[in-house]
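1. I would like the atomic coordinates for the input below:
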Amino acid sequence: MRNLMILGAGEMQVPVIKRANDMGLATIVVDFDANAPGFVFSKERIVVSTNDFESILKIAKDRQIDGILTTSDYPVRVVAKVARHLGLKAMSEKVAELCTNKYLQRSFFKENGIRTPCFRQIESLEDLLHIDHFPSIIKPIDSSASRGVKKVNNRQELDSQYRVAMSFSKMSKVIVEDYIEGREYSVEGLSQNGITHIIAITEKTTLGEEHGYFVEDNHLIPAQVTEEEERLIKAEVLNAIGKMGIDNCPTHTEVKLNEQGAFIIEIACRLGGDYITSDLVPLATGIDMLEALIKTSMGDAVDPLPSISKVASIQFLNTKNYDRCCEFVKNASEHIIRSEVKNYHANVITSSMNRMGYILLQTNTIDEMNKTLAKSREVIV
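-> I've put the predicted structure just below:
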């Protein structure tokens, strides 16, 4: 039996652990939290920080692992470093560094002519004095799930959010960048042995902008874009991936599209979260991205061709749609694949961590999906 090491055993790692088990692999799962939910499904659990390179490398050598992967941001550098030491397939250490440090990535984009927002790294209150353009976005350089990210409209809001953003940065650094107007998309890709496949373009809507937040509220595959817009998005993403030298890993690229073109907001060398690659991609295309990631990490050939052409979407529950979505789930629409409803709270949704559940949907056409989503958003009288 071949051994696969997975760094991270949180809720978002559970699907890849299960998929690896289904593929007949021995899953060696690492997490600092002894109660992490993924441990329930792992063949072997290792309680250690996923950033502890020396310990993980020793364990990897002892277990003679055949592959190593993660589906979260923080352990990416360790995955790359262990893979290099053991001659396994993964992104390079340079790519891992670029994909886990927003300032380094922005700097690379600027130096290589990749369209991206103007930005400045902030390490102290004194650095904030150089910011004179609003609205702007302030974010930690090394966080995820929208934690610490906020749109600020003036200096008072900037000064107030600075400490919040800084609290989410392990490096105690943030960046402030221009706010880019436009429609939002994410692009799911897979690179192996120098060839990159664009798997899907996801259309997304966010909520909370009136409070300065941009938390994903809905994802839709395929995105509702024209052929020219699709070509533009793909060309910009492939250009960035190529110049960065990303290989032997998946990519999740956030893009904004407006009349000036496609702007790369950031690229992560991991699968897209929010159930995009674990559920939406296979529901829409038939492509098993979890299997593709596992095979890539094990050095097995991957040929990600779509086998179906359907429409998939996920609607998250928030303070405004909670009752309507609960009623929609209760009525058991034939298009609901799976749903989860958590307890209601009236707090502002500041990150994906405090949403109140989701509804996962699949239809045959985009019109059918739009009508189904409209039903979940109808006002209850």
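2. so, low pLDDT: which residues of the stretch 1-150 of the chain?
-> Scanning the stretch 1-150 of the chain with the threshold set as pLDDT under 70 gives 145.
3. please name the residues that touch Cys198.
-> Residue 198: Ile, not Cys. Val187, Glu188, Gly189, Lys234, Val237, Leu238 (CB atoms under 8 Å, 6 or more residues apart in numbering). Bear in mind the C-beta positions are built from the backbone N, C-alpha and C, glycine included.
4. could you redo the last one with a cut-off of 6 Å?
-> Gly189, Lys234 (CB atoms under 6 Å, 6 or more residues apart in numbering).
5. how about the helix or strand in which it is found: buried residues?
-> Using DSSP states H and E, Ile198 sits in strand 195-207. Within strand 195-207, the residues scored as buried using 16 or more other CB atoms under 10 Å are Thr196, His197, Ile198, Ile199, Ala200, Ile201, Thr202, Glu203, Lys204, Leu207.
6. pull the contacting residues for the last one.
-> In other words, Leu207. The contact partners of Leu207, by CB under 6 Å, 6+ apart, come to Val215, Asp217, Asn318.
7. now do Phe41
-> Ile17, Lys18.
8. how near is it to Val29?
-> Using CB to CB, to the nearest Å, Phe41 is found at 8 Å from Val29.
9. tell me the domain boundaries of the protein?
-> What automatic domain parsing lists as the domains of the chain is 3-88, 118-178, 183-376.
10. and the end-to-end length of the last one?
-> End-to-end distance for domain 183-376, by CA to CA, to the nearest Å: 22 Å.
11. strands of the stretch 51-200 of the chain, start to end?
-> All strands of the stretch 51-200 of the chain, identified by DSSP state E, counting those that start in this stretch, fall at 67-70, 119-122, 136-140, 150-152, 174-178, 183-192, 195-207.
12. out of those strands, the one nearest Ser92 is which?
-> strand 183-192 (11.2 Å; CB to CB).
13. check which strands are paired with the closest one and give the direction for each one.
-> Using DSSP bridges, the strands paired with strand 183-192 are strand 195-207 (antiparallel), strand 249-258 (antiparallel).
14. save these as JSON lines, and put in distance to Pro140 and mean pLDDT too.
-> Below are the strands paired with strand 183-192 laid out as JSON lines (distance: least, CB to CB, whole Å; pLDDT from 0 to 100):
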{"stretch": "strand 195-207", "distance to Pro140": "18", "mean pLDDT": "95"}
{"stretch": "strand 249-258", "distance to Pro140": "15", "mean pLDDT": "96"}
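15. just so I know, which of these lies nearest Val281?
-> Each of the strands paired with strand 183-192 was scored for nearness to Val281 using CB to CB, and the closest is strand 195-207 (5.3 Å).
16. for stretch 24-31, buried residues please.
-> Buried residues in stretch 24-31 (16+ other CB under 10 Å): Leu25, Ala26, Thr27, Ile28, Val29, Val30, Asp31.
17. contacts for that stretch?
-> With CB under 6 Å, 6+ apart, stretch 24-31 has contacts from 1-9, 17, 20-21, 38, 42-46, 48, 50, 63.
18. buried subset of the residues you listed?
-> Applying 16+ other CB under 10 Å to these flags 3-9, 17, 20, 38, 42, 45-46, 50 as buried.
19. closest to Asn112 out of the strands paired with strand 183-192?
-> strand 249-258 (15.0 Å).
20. where does the prediction get shaky in the stretch 201-350 of the chain?
-> Low-confidence segments of the stretch 201-350 of the chain (pLDDT under 70): 212.
21. ok, which stretches of it are strands?
-> 215-221, 249-258, 261-268, 311-316, 336-341.
22. residues making contact with the third one?
-> Applying CB under 6 Å, 6+ apart, the external contacts of strand 261-268 come out as 99, 114-116, 180, 232-233, 236, 240, 251-256.
23. try the second one
-> Strand 249-258 is touched from outside by 91, 180-187, 189-190, 233, 237, 262-263, 265-269, 271-272, 293, with contacts defined as CB under 6 Å, 6+ apart.
24. which of the residues you listed count as buried?
-> Among these, the ones that count as buried by 16+ other CB under 10 Å are 91, 180, 184-187, 189-190, 233, 237, 262-263, 265-269, 271-272, 293.
25. ranges for the helices of this structure?
-> For the chain, helices defined by DSSP state H occupy the ranges 14-22, 53-63, 76-86, 93-99, 102-111, 125-128, 155-167, 227-244, 281-285, 289-298, 322-330, 366-376.
26. now distance to Pro304 too, for those helices, in a markdown table please.
-> As requested, the helices of the chain are arranged in a markdown table below (distance: least, CB to CB, whole Å):
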| stretch | distance to Pro304 |
| --- | --- |
| helix 14-22 | 15 |
| helix 53-63 | 27 |
| helix 76-86 | 20 |
| helix 93-99 | 20 |
| helix 102-111 | 25 |
| helix 125-128 | 43 |
| helix 155-167 | 36 |
| helix 227-244 | 15 |
| helix 281-285 | 8 |
| helix 289-298 | 5 |
| helix 322-330 | 32 |
| helix 366-376 | 22 |
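27. quick one: closest of the ones you listed to Pro306.
-> Closest among the helices of the chain, using CB to CB: helix 281-285, at 4.0 Å.
28. and the nearest residue to Glu93 once chain neighbours are set aside, how many residues sit next to it?
-> Leaving aside its chain neighbours, Glu93 sits nearest to Ala80 (4.6 Å; criterion: CB to CB, 6 or more residues apart in numbering). Neighbour count for Ala80, taken as other CB atoms under 10 Å: 26.
29. my read: Ala312 touches Leu283, true?
-> Yes - counting by CB atoms under 6 Å, Ala312 does reach Leu283; the two are 3.7 Å apart.
30. more neighbours, the two?
-> Neighbours per residue, other CB under 10 Å: of Ala312 and Leu283, the larger number sits with Ala312, 26 against 21.
31. right, I'll leave it there.
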